[in-house]
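Q: got a structure for you, letters missing:
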């Protein structure tokens with residue numbers, strides 16, 4: 001990521017998006033106006049409607065991708081950490097799709113056990 005002249009970096013943090021794409025997009029736009037150096041997504045990108053029985057039945061991989069795609073509109077690099085709602089197979093599927101489209105934005109991903117995963 002980057003820093004400015006005084007060696008300080010500013011980051012936006014999004015947590016617990018739970019599939020709220022439009023809310024993620026609003027935060028992304030706010031972070032763009034703030035000229036943050038990067039965005040940290042600290043888990044729970046999805047809501048797991050399939051398992052909870054609430055809301056629409058949306059594939060978690062597609063939900064992960066949609067949230068990251070909205071956040072990437074900021075133009076800032078993104079660090080993604082999985083949360084307890086992010087079931088690893090579906091989470092990885094969504095991240096792979098996002099990495100293919102958003103190569104210049106998606107910096108890395110870390111699973112919720114603190115281990116870095118290869119892209």
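A: Structure's in. What do you need? Since the structure is predicted, the reported quantities are computational estimates derived from the model, not experimental observations.

Q: so, low pLDDT: which residues of the chain?
A: Scanning the chain for pLDDT under 70 picks out the ranges 1-4, 48-57, 84-88, 104-119.

Q: one more time with 80
A: Under the criterion pLDDT under 80, the flagged ranges of the chain are 1-7, 43, 46-60, 82-95, 102-119.

Q: sketch out the strands for it, chain order is fine.
A: For the chain, applying DSSP state E gives strands covering 11-14, 38-42, 78-81, 106-110, 116-117.

Q: residue 75 is in contact with residue 36, correct?
A: No: contact criterion Cβ atoms under 8 Å: residue 36 and residue 75 do not qualify, at 9.9 Å. Heads up, the C-betas are built off the backbone N, CA and C, glycines and all.

Q: which of these two has more neighbours?
A: residue 36 (21 against 13; other Cβ atoms under 10 Å).

Q: for that one, what are its contacts?
A: Shown in contact with residue 36 (Cβ atoms under 8 Å, 6 or more residues apart in numbering): 10, 11, 12, 74, 76.

Q: count the neighbours of the last one for me.
A: To tie it back to what came earlier, the one meant is residue 76. Residue 76 - counted by other Cβ under 10 Å - has 23 other residues nearby.
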